[in-house]
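1. this one's sequence-less:
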């Protein structure tokens, strides 16, 4: 039975990572197989399977709406010339593509993660990287890896607030887990910027110079990584876990830019090629006003995104209003109280992205008519992505809802976790982060991964007589690192840069830092359990 339960994990890995099938084909086959085995072996009734299919389709729509918003934003900024002005602003700080990668993919992406989450950061930062001249494959890979450390506290702390809601109640408990996360990430999280540049140089650089191009900037990337995690410790201790992924990147953006200005720990050489050889051909001026555009005006749509997301998540009356009205959620699908799909339209990052794009047109060219043409262009290309996301999420929901069966079996994810726990409890601290990553890989969400596996992690830790706080912390961090390999994140980010069909190649690259991250988490957790 364990092999049957693992099919939702193994089949995507085989089809995408090993056979290199396009995600549309690989995930369609995986979804069909999981549906069949769920019916035959897990004895899921047809009505439950039907509800799961409808749930998966409904959950696809909010993600497509976010993708639509990200693409509209990109098209608008291309039309107005703002993307070129933003490009000029970045290169005025430094022309070193390695430094710009960290500023955009890791720090700016962390800010977007802090206020939004749910796969939005990579869809925003990948186009910015491509506009700077990165190849699409490099842009999406680096953007996905960059959206990792910050995801532990993403969307104003949702992975903790919601993910741990079925363990214990009360802010004090969750606050302690948040503090433990920052301590553990002082080692594992601190190396993420270094890993990002390693990927950039190893997979997309010049083979003859790659060792030098990486090693000479390691002091600066380690400084950024360590400083980020130290600031995160302070943010959680003195402000609270909800705002760690907002305050930390804001502080670190200032620190990073200051370190560039004073050339602190940076190499004397400036490395641009070969990453600038394939500049995005669509980044060009469409009007005469663009060259005169101020950097503030060019950045206004993105700044508005951050402000609106922050206000909608922190101002309670506004949050309540945006969640209450235009609620397109589907609850109790086909009568099952545990099968629902939420979509608060006004609260969605997609709505905020679209509104910010319209405002960008008004302020940058004083004309919103182009939004119609941009929308038609985006909608024409979004079809294949919609199919891929739908079949992926159908598989995910069948997997998650498999506890509703006629065979009195626990759900597939619980069965997997219990089976592993039965023989791995003595070394559970090494298993826990991989379970977190596994949950995010399948479900596409650090929050859902923790919501699913946290009770199992907690029980195993209690049975093994080890710290539950440490185990829950590595679960949350592992789930955050799983953003790198999450299938629907890869599909959505690939679509933004026009790389549909290359998801397997991206997964093979992002899997490397994801595995390294999990191993470091296990080692750090082991040390903390035994020596602190």
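-> Perfect, I can see it now. Remember, predicted model here, so these are calculated numbers, not experimental data.
2. roughly how far out does the longest helix along the chain sit from the chain middle?
-> Criterion DSSP state H: the longest helix present in the chain is helix 46-80. Relative to its chain's centre, helix 46-80 lies at 15 Å (CA atoms, centre = their mean, to the nearest Å).
3. Quick check: what element follows it along the chain?
-> helix 82-93 (DSSP states H and E).
4. got a list of contacts for the following helix or strand past that following helix?
-> Downstream of helix 82-93, the first helix or strand assigned by DSSP H and E is helix 97-101. By CB atoms under 8 Å, 6 or more residues apart in numbering, the residues outside helix 97-101 that reach it are 90-91, 93-94, 129, 132-134, 142, 196-197, 200-201, 213, 217, 220, 256, 260, 266, 271-272, 275-276. Where C-beta positions appear, they are placed from N, C-alpha and C, glycine not excepted.
5. cool, stretch 378-387 as well?
-> 24, 28, 60, 64, 67-68, 71-72, 75, 491-492, 495, 498, 500.
6. Selecting buried members of the contacts of helix 97-101 in PyMOL, what would you type?
-> To isolate the buried members of the contacts of helix 97-101 in PyMOL, using 16 or more other CB atoms under 10 Å:
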select buried, resi 90+91+94+129+132+133+134+142+196+197+200+201+213+217+220+256+260+266+271+275
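7. shaky segments in the stretch 201-350 of the chain?
-> 207, 269-291 (pLDDT under 70).
8. and the closest residue to residue 124 other than its chain neighbours, what does it touch?
-> Counting by CB to CB, 6 or more residues apart in numbering, residue 124 lies nearest to residue 112, which is 5.3 Å off, once chain neighbours are set aside. Counting by CB under 8 Å, 6+ apart, residue 112 touches 120-121, 124-125, 305-306.
9. Where neighbours are concerned, which of these has the most?
-> residue 121 (33 neighbours; other CB atoms under 10 Å).
10. In the helix or strand hosting residue 522, which residues are buried?
-> Taking DSSP H and E as the definition, residue 522 sits inside helix 503-531. For helix 503-531, the neighbour count (16+ other CB under 10 Å) marks 503-514, 516-518, 520-522, 524-526, 528-529 as buried.
11. hmm, back to that, out of the contacts of helix 97-101, name the ones that lie in strands.
-> Applying DSSP state E to those, no entry is found in strands.
12. follow-up on the earlier one: now do the helix holding residue 522: distance to the chain's middle.
-> On the basis of CA atoms, centre = their mean, helix 503-531 sits 16 Å off its chain's mean C-alpha point.
13. which helices and strands sit right next to it?
-> Contacts defined by 3 or more CB pairs under 8 Å, 6 or more residues apart in numbering; DSSP states H and E place helix 503-531 against helix 23-40, helix 136-146, helix 171-184, helix 192-204, helix 428-443, helix 468-481, helix 487-496.
14. report the angle between the axes of it and helix 171-184?
-> 100 degrees (axes from the mean of the first three to the mean of the last three CA atoms, to 10 degrees).
15. What mean pLDDT does helix 503-531 get?
-> Averaged over helix 503-531, pLDDT sits at 94.
16. Looks like residue 498 contacts residue 136 (just checking).
-> Yes: shown here, residue 498 and residue 136 form a contact pair, counting by CB atoms under 8 Å, at 6.1 Å.
17. Please identify which of these two sits among more neighbours.
-> More crowded of residue 498 and residue 136, by other CB under 10 Å: residue 136, with 20 against 15.
18. Contact partners for that one?
-> The neighbours of residue 136, taking CB under 8 Å, 6+ apart as the test, are 126, 130, 278, 497-499.
19. Over to residue 490?
-> 23, 140, 144, 503, 506-507, 510.
20. I'd like to know which of these is nearest to residue 331.
-> residue 23 (29.3 Å; CB to CB).
21. Report the separation between the closest one and residue 312.
-> Counting by CB to CB, to the nearest Å, the gap from residue 23 to residue 312 is 31 Å.
22. So those two - more neighbours on which side?
-> The neighbour comparison of residue 23 against residue 312 (other CB under 10 Å) goes to residue 23, with 31 against 23.
23. Can you give me the neighbour number for residue 439?
-> If you count neighbours by other CB under 10 Å, residue 439 ends up with 31.
24. Look up the closest residue to it, ignoring the ones flanking it.
-> Leaving aside its chain neighbours, residue 439 sits nearest to residue 449 (2.8 Å; criterion: CB to CB, 6+ apart).
25. doesn't residue 443 make contact with that neighbour?
-> Yes: counting by CB under 8 Å, residue 449 does reach residue 443; the two are 5.7 Å apart.
26. what about these two, which has more around it?
-> residue 449 (30 against 27).
27. which outside residues touch stretch 31-49?
-> By CB under 8 Å, 6+ apart, stretch 31-49 touches 1, 4, 7-8, 11, 52-53, 334, 336, 339, 391-392, 394-395, 398-399, 401-402, 404-407, 409, 412.
28. buried subset of those?
-> Buried, going by 16+ other CB under 10 Å: 4, 7-8, 11, 52-53, 336, 339, 391-392, 394-395, 398-399, 401-402, 404-405, 409, 412, out of those.
29. In contact with the nearest residue to residue 310 once chain neighbours are set aside, which residues?
-> Excluding the flanking residues, the one nearest residue 310 by CB to CB, 6+ apart is residue 115, at 4.9 Å. In this structure, residue 115 makes contact with 155-156, 246, 306, 309-310, 313, judged by CB under 8 Å, 6+ apart.
30. Give me the neighbour count for the nearest residue to residue 54 once chain neighbours are set aside.
-> Setting aside the residues directly before and after it, residue 54 is nearest to residue 333 in space (CB to CB, 6+ apart), at 5.3 Å. Counted by other CB under 10 Å, the residues lying close to residue 333 total 21.
31. can you give me the end-to-end distance of stretch 483-491?
-> This stretch, stretch 483-491, spans 12 Å end to end (CA to CA, to the nearest Å).
32. So the closest residue in space to residue 38 that isn't next to it in sequence, which state does it fall into?
-> Sequence neighbours aside, residue 44 is the residue nearest to residue 38 in space, at 4.5 Å (criterion: CB to CB, 6+ apart). Three-state assignment for residue 44 (DSSP: H, G, I helix; E, B strand; the rest coil): coil.
33. Use 42 as the first number from now on
-> Sure, I'll start numbering at 42, so the last one becomes residue 85.
34. For residue 85, report the pLDDT, please.
-> Predicted confidence (pLDDT) for residue 85: 97.
35. how near is it to residue 165?
-> From residue 85 to residue 165 the distance is 37 Å (CB to CB).
36. So for whatever helix or strand residue 499 lives in, mean pLDDT?
-> Using DSSP H and E, residue 499 sits in helix 487-505. Throughout helix 487-505, pLDDT has a mean value of 88.
37. Could you check how far it is from the centre of its chain?
-> With CA atoms, centre = their mean, you get 21 Å for helix 487-505.
38. for stretch 278-290, same thing?
-> Using CA atoms, centre = their mean, the offset of stretch 278-290 from its chain centre is 18 Å.
39. repeat for stretch 190-209
-> Per CA atoms, centre = their mean, the centroid offset for stretch 190-209 relative to its chain is 14 Å.
40. do the same with stretch 155-170
-> How far stretch 155-170 lies from its chain's middle: 7 Å, per CA atoms, centre = their mean.
41. which ones are touching the residue nearest to residue 197 when sequence neighbours are not counted?
-> Excluding the flanking residues, the one nearest residue 197 by CB to CB, 6+ apart is residue 354, at 4.4 Å. Contacts for residue 354 (CB under 8 Å, 6+ apart) come out as 156, 196-197, 360.
42. Now do the helices in the stretch 292-441 of the chain.
-> Listed in chain order, the helices of the stretch 292-441 of the chain (DSSP state H, counting those that start in this stretch) span 336-355, 357-365, 390-405, 411-422, 424-441.
43. how far away is the closest residue to residue 64 other than its chain neighbours from residue 435?
-> Leaving aside its chain neighbours, residue 64 sits nearest to residue 544 (3.8 Å; criterion: CB to CB, 6+ apart). Taking CB to CB as the measure, residue 544 falls 17 Å from residue 435.
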